[in-house]
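> the following comprises the amino acid sequence and a computationally predicted model.
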Amino acid sequence: RTLTKTDVDKGQSHLSIPMSSLLTHDFLTSDEKEETQNRIKGDREGGLSEQVIDPRLKVLELKLRRTDMKKKKKTKKGRTGKTSSLYCLAYQWNDVIKENTLRQGDMLHLWSFRSQQRLCLALVLLRREERLLGN
């Protein structure tokens with residue numbers, strides 16, 4: 001997926017992973033799915049702690065969280081529309097951006113795998129956005 005402005009914004013401090021962009025939805029166990037949602041708003045500690053291998057092959061501990069956002073569009077009956085769900089990789093995400101010099105427009109793949117039954121993730125940098133000299 002191509003990194004967006006929000007993905008590299010230090011204030012946001014997370015990588016958004018829309019459910020619609022996932023090739024499979026069965027990479028988490030039912031307990032892991034529950035833990036990704038086990039978080040109170042503003043709680044930096046909640047979520048599922050995962051080992052993530054960044055593009056420079058450095059292993060970091062990040063939090064995988066699920067967020068369900070209600071769309072603001074109103075229906076004819078005055079109710080809000082559907083819910084949009086996504087996962088977020090957070091906690092040390094700004095370190096990943098800085099150490100890998102990631103920018104808006106860079107293309108990443110996120111792979112999941114298991115090591116000794118523990119879920120692990122790997123970020124693979126596919127393409128860097130063309131950058132002007134001096135930027």
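Done, it's in.
> tell me the SS of L108?
Secondary structure state of L108, per DSSP: H, G, I helix; E, B strand; the rest coil, is strand.
> show me the beta-bridge partners of it.
L108 forms beta bridges with L125, as assigned by DSSP bridges.
> wait, it sits on L3?
Yes: using C-beta atoms under 8 Å, L108 is in contact with L3, at 6.4 Å. Glycine gets a C-beta too; all of them are placed from N, C-alpha and C.
> got a list of what the residue nearest to D106 when sequence neighbours are not counted touches?
Nearest non-adjacent residue to D106, counting by C-beta to C-beta, 6 or more residues apart in numbering: L3, 4.9 Å away. L3 sits next to L15, L102, R103, Q104, G105, D106, M107, L108 when contact means C-beta atoms under 8 Å, 6 or more residues apart in numbering.
> what separation is there between the second one and W93?
Translated: L102. Per C-beta to C-beta, to the nearest Å, L102 is found 10 Å from W93.
> and the residue nearest to D106, what's its pLDDT?
We have a pLDDT of 95 for L3.
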